[in-house]
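S.K.: Structure here, sequence nowhere to be found:
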DNA sequence: CCCTGATTCGC
DNA sequence: GCGAATCAGG
């Protein structure tokens, strides 16, 4: 029996295939199962596949050898509270590369349903909150989406798609993202 | 707040 | 060789 988590020929081939196809490490990890995205990335690098189609900024990629916390961080970052991320195996989006669809609707007036509980006023608006305007700005009932937005972006992932009109999202069968 | 890949380093 | 922890960017 093949041990789950062992890099067999099949898994490596699938890994290379998916990686070459443009899938993200987390997605590949989710597809393979029993492996985290870190494992996938680690294997990818080990195979020498790193950099499938990333920015040419590689030239300016100084790798200052980090300190030496390695795996035994005597003390975490000074003042880091609630930052418990790390091996997050998730499958968010999936974009092969040529997913053209004639789904270019004439802009459906965002019939998106945003929970009121999510809506916030300018006072409660945070940097990481979606600034998608909702309602009439001239009325006191004007609110913002308030959903979490990718740092740097003014809107949440959902409204970003509407704002920038990239393309339709392609759902991907997600497996157990346990570990 | 979330995600992405890249790198390091203990096992 | 493997992968968690961590970094750095988006």
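M.R.: That came in fine, so what should we check first? Keep in mind that this is a model prediction, so the values were computed, not measured.
S.K.: Kindly confirm my reading that residue A:35 is in a strand.
M.R.: No. Counting by DSSP: H, G, I helix; E, B strand; the rest coil, residue A:35 falls outside a strand, being coil.
S.K.: what about the closest residue to it other than its chain neighbours, neighbour count?
M.R.: Closest residue to residue A:35 apart from its sequence neighbours, by C-beta to C-beta, 6 or more residues apart in numbering: residue A:29 at 5.1 Å. Backbone N, C-alpha and C define where each C-beta goes, glycine included. Using other C-beta atoms under 10 Å, the number of residues around residue A:29 comes to 29.
S.K.: helices and strands around the helix or strand encompassing residue A:29, which ones?
M.R.: Residue A:29 is part of helix A:25-32 when elements are defined by DSSP states H and E. In terms of contacts (3 or more C-beta pairs under 8 Å, 6 or more residues apart in numbering; DSSP states H and E), helix A:25-32 is packed against helix A:9-21, helix A:37-47.
S.K.: Just confirm yes or no for it near DNA strand C.
M.R.: No. Figure legend: helix A:25-32 not in contact with DNA strand C (C-beta under 7 Å from any atom of the strand); closest approach 8.5 Å.
S.K.: Report the inter-axis angle for that helix versus helix A:9-21.
M.R.: In terms of direction (axes from the mean of the first three to the mean of the last three C-alpha atoms, to 10 degrees), helix A:25-32 departs from helix A:9-21 by 150 degrees.
S.K.: quick one, helix A:25-32 and helix A:37-47 angle?
M.R.: 100 degrees.
S.K.: Give me the mean pLDDT for helix A:25-32.
M.R.: Mean pLDDT, helix A:25-32: 85.
S.K.: One more: stretch A:121-130?
M.R.: 75.
S.K.: gap between the two ends of it?
M.R.: 11 Å (C-alpha to C-alpha, to the nearest Å).
S.K.: Could I get the buried residue list for it?
M.R.: Of all the residues in stretch A:121-130, those buried under the rule 16 or more other C-beta atoms under 10 Å are A:129, A:130.
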